[in-house]
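**Student:** Provided below are the primary sequence and the corresponding predicted coordinates.
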Amino acid sequence: MKLEKFKLIFIFIPHHHIGGAERVHLNIIKSLKWKPIVFFDYSNTYKISKEFKENAYCFLITNAKRRKFAFRFLQIISSFLPIVFFGSNSSLFYNFITKLKSKIIAIDLTHAFSFPENGMEISSLPYINLLNKRVVINNRTFEDYKILYKENGINDSFLNRFRIISNGIKIYDFDSCQIESRFSNFTIGFVGRNSPEKRPELFFELIKELGIKAKAIGDNFGNYKKEFPNVTYFENCNNEELIRKQFSNISILVVTSSREGFPLVIMEAMELGIPVISSNVGSISEHLIDGKNGFLAPIEPVKFIEFAAEKIIKLIDNKELYFSLSLNAREHAKMNFALENFNAKYQELFYE
């Protein structure tokens, strides 16, 4: 189906805090030619972040009355304007496309499968005939969908609706003197939510094992502060510049997740020239090359801690290796993560 040049774009996402997925959603919004209308269908706060408000017309559709009003508005406007719905991890998106059907173009985005739980990839199956296009961020997730479709008897022709669009980030100027500073003030870092799938407890166990300087950047680490008072905590900040400043002082990023797609935080670390030690999940191994720009660790908790501790000690004792990993990480980011490619592909998706 050919999309018109001008379309009114509605984006359905569950949150507006600034986590990895939310920053991807924000980059998608920024790539568009005209401000979209964004519906948040779940939020633990009524304060919408500044960046979302600057780049989109934002509405919290978090109760039945608001959903009814939003749907009526969409019914009216879809009768005389070309409309695109874009949803990511939003049940409201699937609910609305069912009711509006042929009146809109529908596109969804999957960051990663929710193994071992049944996530939105399962919930979306009844709606695949209504989805004009489906976006995934890497080959791994596309392969996961191939298996899922086969298991559920879905015709292979529906696989033609997929587009693989890798995430992108801004590539800033780089001063290699930062590497010397990080090595001299060796600090391991965790950047992410304090949630079960991120497994921050492994990071704190690693601190206990090594007795090393550490920083945790994320939402709320209150349950760790009493036992680990010497860790530097930077919490609940939506300002990307401030987060980047804190991030840039980390010597090694430790990613402990039990599941991921390809985390934006790894891309951001590499762009800063920071080596990464990560559990080998999702499509991380497509970019994190073991021994070249970081290390891929076993997923099993005890083995992860043993592996990460060994590699950190090795890097502390080997300045040449640390510098090599740092420069390789930076070069990989420059070659693979440019935001311009991301923007071009999303503009093609929406406006082709």
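**Tutor:** The structure has been received and is ready for your questions. Being a predicted model, the structure only gives us computed values, none of them experimental.

**Student:** now the strands for the stretch 251-352 of the chain?
**Tutor:** Using DSSP state E, counting those that start in this stretch, the strands found in the stretch 251-352 of the chain span residues 252-255, 276-279, 294-297.

**Student:** Would you mind putting those strands into CSV with mean neighbour count and distance to residue 310 alongside?
**Tutor:** For the C-beta atoms, the positions are set from N, CA and C on the backbone; glycine is no exception. Compiled in CSV, the strands of the stretch 251-352 of the chain are given as follows (neighbours: other CB atoms under 10 Å; distance: least, CB to CB, whole Å):
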stretch, mean neighbour count, distance to residue 310
strand 252-255, 26, 13
strand 276-279, 24, 10
strand 294-297, 23, 9
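
**Student:** of those, which approaches residue 219 most closely?
**Tutor:** strand 252-255 (16.1 Å; CB to CB).

**Student:** Show me what that closest one packs onto, helices and strands only.
**Tutor:** On a contact count with 3 or more CB pairs under 8 Å, 6 or more residues apart in numbering; DSSP states H and E, strand 252-255 meets strand 188-192, helix 264-271, strand 276-279, helix 301-316.

**Student:** Listing partners with orientation, what would you give for it?
**Tutor:** Take DSSP bridges as the rule and strand 252-255 pairs in its sheet with strand 188-192 (parallel), strand 276-279 (parallel).

**Student:** Dump that strand to CSV, restricted to CA.
**Tutor:** Output of strand 252-255 as CSV, limited to C-alpha atoms (Å, rounded to 0.1, in the frame of the first residue of the first chain):
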residue,chain,number,x,y,z
ILE,A,252,33.4,0.0,32.0
LEU,A,253,29.7,-0.5,31.5
VAL,A,254,28.3,-3.7,33.0
VAL,A,255,25.1,-5.0,31.4
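
**Student:** residues making contact with that strand?
**Tutor:** Here strand 252-255 makes contact (CB atoms under 8 Å, 6 or more residues apart in numbering) with 186-192, 203, 206, 263, 265-266, 269, 274-279, 284, 308, 312, 315.

**Student:** Now do the same contact list for residue 312.
**Tutor:** 188, 206, 210, 212, 252, 277.

**Student:** how much space between the first one and residue 246?
**Tutor:** Just to be clear, that refers to residue 188. 14 Å (CB to CB, to the nearest Å).

**Student:** So between these two, which is more surrounded?
**Tutor:** A side-by-side neighbour count of residue 188 and residue 246, using other CB atoms under 10 Å, places residue 188 first with 24 against 15.

**Student:** Isn't that one up against residue 213?
**Tutor:** Yes. Contact criterion CB atoms under 8 Å: residue 188 and residue 213 qualify, at 7.4 Å.

**Student:** And for residue 52, the neighbour number?
**Tutor:** Neighbour tally, residue 52, other CB under 10 Å: 21.

**Student:** Also residue 268?
**Tutor:** Residue 268: 23 neighbours (other CB under 10 Å).

**Student:** Now it: closest residue in space, sequence neighbours ignored.
**Tutor:** residue 169 (6.0 Å; CB to CB, 6 or more residues apart in numbering).

**Student:** so how far is residue 240 from that neighbour?
**Tutor:** 10 Å.

**Student:** So those two - more neighbours on which side?
**Tutor:** Between residue 169 and residue 240, counted using other CB under 10 Å, the more crowded position is residue 169 (18 against 15).

**Student:** got the phi/psi numbers for that one?
**Tutor:** Backbone torsions for residue 169, taken as degrees, to the nearest 10, come to phi -140, psi 160.

**Student:** Same question for residue 176.
**Tutor:** Note on residue 176: its backbone torsions stand at phi -70, psi -10 [degrees, to the nearest 10].

**Student:** Quick check: it touching residue 327?
**Tutor:** Yes. The criterion here is CB under 8 Å, and residue 176 meets it with residue 327 at 7.1 Å.

**Student:** So for those two, which residue has more residues nearby?
**Tutor:** Neighbours per residue (other CB under 10 Å) separate residue 176 from residue 327, with residue 327 holding more: 16 against 11.

**Student:** Is the more buried one in contact with residue 274, as I believe?
**Tutor:** No. Counting by CB under 8 Å, residue 274 is not a contact partner of residue 327; they are 11.2 Å apart.
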